[in-house]
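Asks: I need the structure of the sequence given here:
(one chain, ligands or ions: 1)
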Amino acid sequence: QIQIEDDRTGLSIETLRRAMADNLFYILGKYPAIANNKDYYMALAYTVRDRLLHRWLNTYEAYMKPEVKIVCYLSAEFLVGPHLANNLINLGIYDQIRQAVQESGLNLQELINTEEEPGLGNGGLGRLAACYMESLATLEVPAIGYGIRYEFGIFDQEIREGWQVEITDKWLQDGNPWEIIRPESEVYINFGGRTEPYQDDQGNYRVRWIPEYVVKGIAYDTPILGYKVNTANTLRLWKGEACESFNFQRFNVGDYYGAVDTKVYSENLTKVLYPNDEPVQGKELRLQQQYFFVSCALQDMIRIHLTESENLDNFGDKFAAQLNDTHPSIGVAELMRLLIDVHHYSWDQAWDITQKTFAYTNHTLLPEALEKWPLSIFGRLLPRHLEIIYEINRRFLDQVRMKYPGNNEKLSCLSLIDDRGEKYIRMANLATVGSHKVNGVAALHSELVKKTILRDFYEFWPEKFTNVTNGVTPRRWMVVSNPRLSELITSRIGDNWIKNLDELRRLEQFVDDGHFRYQWREVKWGVKQDLANYIEDKLGIKVSPDTLFDVQVKRIHEYKRQHLNVLQIITLYNRIKHNPNLDFTPRTCIFGGKAAPGYYMAKLIIKLINSVAEVVNKDPDVRDRLKVVFLPDYNVTLGQRVYPAADLSEQISTAGKEASGTGNMKFSLNGALTIGTYDGANIEIRQEVGEENFFLFGLKTEDIDQLRAKGYNPWDYYYNNPELKSTLDLISSGFFSHGDCELFRPLVDSLLHSDPFFLFADYQSYLECQDRVSQAYKDQEYWTKMSILNVARMGKFSSDRSIKEYCENIWYAKPVPIEMKD
Ligand code: 26M
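Replies: Residues are numbered from 1 along each chain as shown. A predicted model of the protein is given here:
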């Protein structure tokens, strides 16, 4: 009997090969003779998509049962990274596909590398959302990610003459095989206009919103697969479109351009991601984006609920909606509006449902990063929401008055409205009041949330506040990005660690096994060689995998202190120059990261890194002992190359400023040791891996507060520390800027005159710590032991653990395994 496999589901090498050829012909319309790697990538992507559709549809159907609770992750950003390799791993078909691709005369890795990543996020916050979506699927927890389908994601970065140049990210131009448009789930979103009271037929007092204009939201779905389970959850991103009905009149009177205007205007809404990692005051389009996607999401959720239920009484049992920072916090007012104005719930019922539904994650303490909207803009765009927020505030402040009679101080701190000058809506306050739980993203951060920005809320509702330390997915950040290390680990402890990261502990028994350590070093060396090849290929800089790879990749920000790292590098350079035969552990210092286009100081830091690189890399006295590399266009794809190749992970933020960090986890999971401050998740990483396996330096949060209180004077450090002084003087002298003494003056002056992030205060401690790193690296056997122990003890930082905590303490959501009925 001959078995014929279905071309769209079969997994034999022959079927896969034929399916790819079919897709190349029937979807891409190409013969093999004229197809390039991009075409083959697309043909392969469709072949993979075919093989996940059953799971996806079965999953969706299973979630329509009333007893199933769905987690809705509301986020303005999802930085998912390339899909192909991850989907192959999670479907468990990597090897079959590799062979099929090979038998078609192609190379799988090359096809994987041609995928253009969706850059729908800035950095940590967006990437966290992506890791959480993956873990939710792996844990079989029903989830929908709701966000914006930006036509242009985070800009591509080029470096010209050392400066960052921003290039539009046209990620959709060759088509996106991973999304499916769902025209049937369109929704309409109102903006502007006015509100009007009226009495309904039963004589009830109601309010209607008469908008100035309406935009249509169209859903685009992308499947998010769990690892070796049948669950395929949905990432549902919304695109703004014109609603046809709107300007037909104009069109009919012959004003074609007038009609197209609204189309252009509506499509502008989701054109471009704001490339900042903190809010720029009062950008109206940004508020429109936020309201747009949140209203789309909530209307979608309501529609889902009403297909299985008569009313919305149990909305808060059907859905848990997580606010990823305050960007979606307008959702609190929007759900109230939908429940009261559209579905005619009473205020009290609506408020119970709203608080039960929402929870809020805070990601930053930086005061300038707290979102607030000028009342003027807000009221013009969302007049009904302004009324609702006033009413939420009135009722909330009544409660506050009961608890603290006569205390106006408390009222003004807790109020949703900042009315100390120009009036603002405080989005963090709205999110906190409208949620049943508020969490920070690492233990220290959650404590600081309670002590600083939300202190009065904590006093008012202590039980609302909790911590969930961030995590990252080991599927993408180990299995996909570091197959060699993953295979070595699996060869010793089996592959259960991929789903249960605590099992990495079992590696501890091999630290004293010399052969294992040798293999561990070989793997690291090989991966470093790959990165070295990439660097030579892209930048023409030769670096050796025998040197210590010292890496700092993350958004460029003063609080992250890339410039402290630069000061250290210049100091090392000075030492070599003064003592050419210095016993020196050779280092390759690698940077990567984007600066917000309007953040001048961050851009100057990039220029400084490149300028120092230029001088150091070509100085014959250095004799290859020190190299500096700035990798352009750092993104998820590049991260997957970089984390596995690092020996040393730089996590050197000013204590109390980095909420958690997640790059710190990706490095350590790949065997890098950390040099870091007592900040964010660094503290917990150190606690897990053991203080003897972590290079800690610098002031703690309290030390910094004390120093600031007693009057911090950077000049003292400058005059009292000769190495620091000569480092700064060298920059000022124009040594790195072809004699131009002005170029870096703003940076040097900022440090000398205020140093808001305490670089000088930590400089000495950092340098001494780096000396300890250099010493430790000389003993390769010892270093390898520390590296193994780091990996073995990092199980806590799986995003699976984070998601279990959210499910348990915040969402009250349970796994729903998916059966295949095909
Ligand atoms: C806001 C308004 C307008 C435009 C942009 C924004 C905005 C975008 C991203 C503000 C903040 C954004 O991200 C902040 C962020 O990435 N925070 C990081 O979150 C990570 C995940 O929790 C933490 O690990 C990092 O420590 C934290 O800096």
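Asks: From now on I want contacts and neighbour counts done on CA atoms only, so please keep to that.
Replies: Fine.
Asks: where along the stretch 251-400 of the chain do the helices fall?
Replies: 256-268, 284-308, 315-318, 331-337, 347-357, 375-381, 383-403 (DSSP state H, counting those that start in this stretch).
Asks: Pick out the residue in the stretch 351-500 of the chain sitting closest to the ligand.
Replies: Nearest residue of the stretch 351-500 of the chain to the ligand, counting by CA to the nearest ligand atom: His363, 4.9 Å away.
Asks: my guess is that residue contacts Gly126, does it?
Replies: No. Contact criterion CA atoms under 8 Å: His363 and Gly126 do not qualify, at 11.0 Å.
Asks: Need the winner for burial among the helices of the stretch 251-400 of the chain.
Replies: Among those, helix 331-337 has the highest mean neighbour count (mean count of other CA atoms under 10 Å), at a mean of 25.
Asks: Mind checking the pLDDT average for it?
Replies: Averaged over helix 331-337, pLDDT sits at 99.
Asks: quick one: that helix to chain centroid distance?
Replies: In terms of CA atoms, centre = their mean, to the nearest Å, the centre of helix 331-337 is set 25 Å apart from its chain centre.
Asks: Equivalent analysis for stretch 17-32, please.
Replies: The answer for stretch 17-32 is 35 Å, by CA atoms, centre = their mean.
Asks: Could you list the residues in contact with it?
Replies: Stretch 17-32 is contacted from outside by 7-8, 39-40, 42-44, 46-47, 100-101, 103-104, using CA atoms under 8 Å, 6 or more residues apart in numbering.
Asks: ok, now stretch 519-528?
Replies: Outside stretch 519-528, the residues that touch it by CA under 8 Å, 6+ apart are Arg484, Leu485, Leu488, Pro545, Asp546, Phe549, Pro644, Ala645, Ala646, Thr784, Ile788.
Asks: Strands of the stretch 401-550 of the chain, residue ranges please.
Replies: 417-418, 424-426, 438-440, 465-467, 548-553 (DSSP state E, counting those that start in this stretch).
Asks: typo on my end, it should be the stretch 1-150 of the chain
Replies: Applying DSSP E, counting those that start in this stretch to the stretch 1-150 of the chain gives strands spanning 70-74, 143-148.
Asks: most packed of those strands?
Replies: Highest mean neighbour count among the strands of the stretch 1-150 of the chain (mean count of other CA under 10 Å): strand 143-148, with a mean of 28.
Asks: For whatever helix or strand comes next after it, buried residues please.
Replies: Remark: after strand 143-148, the chain's next helix or strand is strand 156-160, criterion DSSP states H and E. For strand 156-160, the neighbour count (16 or more other CA atoms under 10 Å) marks Asp156, Gln157, Glu158, Ile159 as buried.
Asks: Three-state assignment for the residue lying closest to the last one once chain neighbours are set aside, please.
Replies: What sits nearest to Ile159 in space, not counting adjacent residues and going by CA to CA, 6 or more residues apart in numbering, is Val165, at 5.9 Å. Three states are possible here, and by DSSP: H, G, I helix; E, B strand; the rest coil the one that applies to Val165 is strand.
Asks: Kindly state the pLDDT recorded for Val165?
Replies: pLDDT recorded at Val165 is 98.
Asks: Bridged to it, which residues?
Replies: Bridge pairing for Val165 (DSSP bridges) gives the partners Glu158.
Asks: May I ask you to confirm that it is in contact with Lys594?
Replies: No. If you go by CA under 8 Å, Val165 and Lys594 don't touch, sitting 9.8 Å apart.
Asks: Show me which of the two is the more surrounded one.
Replies: Under the criterion of other CA atoms under 10 Å, the comparison of Val165 against Lys594 puts Lys594 first, with 29 against 16.
Asks: Could you dump the helices of the stretch 251-400 of the chain into CSV and include distance to the ligand?
Replies: Formatted as CSV, the helices of the stretch 251-400 of the chain follow (distance: least, CA to the nearest ligand atom, whole Å):
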stretch, distance to the ligand
helix 256-268, 16
helix 284-308, 6
helix 315-318, 25
helix 331-337, 15
helix 347-357, 21
helix 375-381, 14
helix 383-403, 19
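Asks: Identify the residue spatially nearest to Thr674, adjacent ones excluded.
Replies: Of all residues not flanking Thr674 in the chain, Ser649 sits nearest, at 4.6 Å (CA to CA, 6+ apart).
Asks: partner strands of the helix or strand hosting the one you found, parallel or antiparallel?
Replies: Using DSSP H and E, Ser649 sits within strand 648-651. Strand 648-651 sits in its sheet next to strand 548-553 (parallel), strand 673-676 (parallel), going by DSSP bridges.
Asks: Most tightly packed of the ones you listed?
Replies: Among the strands paired with strand 648-651, highest average neighbours (mean count of other CA under 10 Å) belong to strand 673-676, with a mean of 26.
Asks: what is the mean pLDDT for it?
Replies: 98.
Asks: now what about it, what contacts it?
Replies: Strand 673-676 is contacted by residues 647-653, 664, 667-668, 682, 693-697, 769-770, 786-787, 790 when judged by CA under 8 Å, 6+ apart.
Asks: all helices for the stretch 501-650 of the chain, in order.
Replies: Remark: helices assigned in the stretch 501-650 of the chain by DSSP H, counting those that start in this stretch are 514-539, 562-578, 600-618, 636-642.
Asks: Go through the first one and flag the buried ones.
Replies: Pointing back at helix 514-539 there. 516-517, 520-521, 523-525, 527-535.
Asks: Closest one of these to Val616?
Replies: Of all the buried residues of helix 514-539, Val616 sits closest to Ile535, with 16.3 Å by CA to CA.
Asks: Can you tell me, leaving aside adjacent residues, what's nearest to that closest one?
Replies: Ile541 (6.2 Å).
Asks: ok, now Asn314?
Replies: Nearest residue to Asn314 in three dimensions, chain neighbours excluded: Ile353, at 7.8 Å (CA to CA, 6+ apart).
Asks: As a markdown table, the buried residues of strand 156-160 with pLDDT would be great.
Replies: Output for the buried residues of strand 156-160, formatted as a markdown table (pLDDT from 0 to 100):
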| residue | pLDDT |
| --- | --- |
| Asp156 | 98 |
| Gln157 | 98 |
| Glu158 | 98 |
| Ile159 | 98 |
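Asks: and Glu742, how many neighbours?
Replies: 13.
Asks: tell me the contacts of it?
Replies: By CA under 8 Å, 6+ apart, Glu742 lies in contact with Ser732, Gly734.
Asks: CA atoms only for stretch 308-319, dumped as CSV, please.
Replies: Written as CSV, here are the backbone C-alpha positions of stretch 308-319 (Å, rounded to 0.1, in the frame of the first residue of the first chain):
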residue,chain,number,x,y,z
GLU,A,308,-20.2,32.7,23.8
SER,A,309,-22.1,34.7,26.4
GLU,A,310,-25.3,36.7,26.7
ASN,A,311,-23.7,39.7,28.5
LEU,A,312,-20.5,41.1,29.8
ASP,A,313,-21.1,40.3,33.5
ASN,A,314,-18.2,37.8,33.5
PHE,A,315,-15.9,39.8,31.3
GLY,A,316,-13.3,39.8,34.1
ASP,A,317,-13.4,36.0,34.4
LYS,A,318,-13.0,35.6,30.6
PHE,A,319,-10.1,38.0,30.2
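Asks: now that stretch: how far from the chain's centre is it?
Replies: 31 Å.
Asks: So what touches that stretch?
Replies: By CA under 8 Å, 6+ apart, stretch 308-319 touches 64-72, 301-302, 305-306, 353-354, 356-357.
Asks: Tell me which residue in the stretch 601-750 of the chain sits closest to the ligand.
Replies: Ranked by CA to the nearest ligand atom, the top residue of the stretch 601-750 of the chain for proximity to the ligand is Gly661, at 3.3 Å.
Asks: my guess is that residue contacts Gly124, does it?
Replies: Yes. Contact criterion CA under 8 Å: Gly661 and Gly124 qualify, at 7.0 Å.
Asks: if you count what's nearby, which of these two comes out ahead?
Replies: Neighbour count, other CA under 10 Å: between Gly661 and Gly124, Gly661 has more, with 24 against 20.
Asks: Noted, bye for now.
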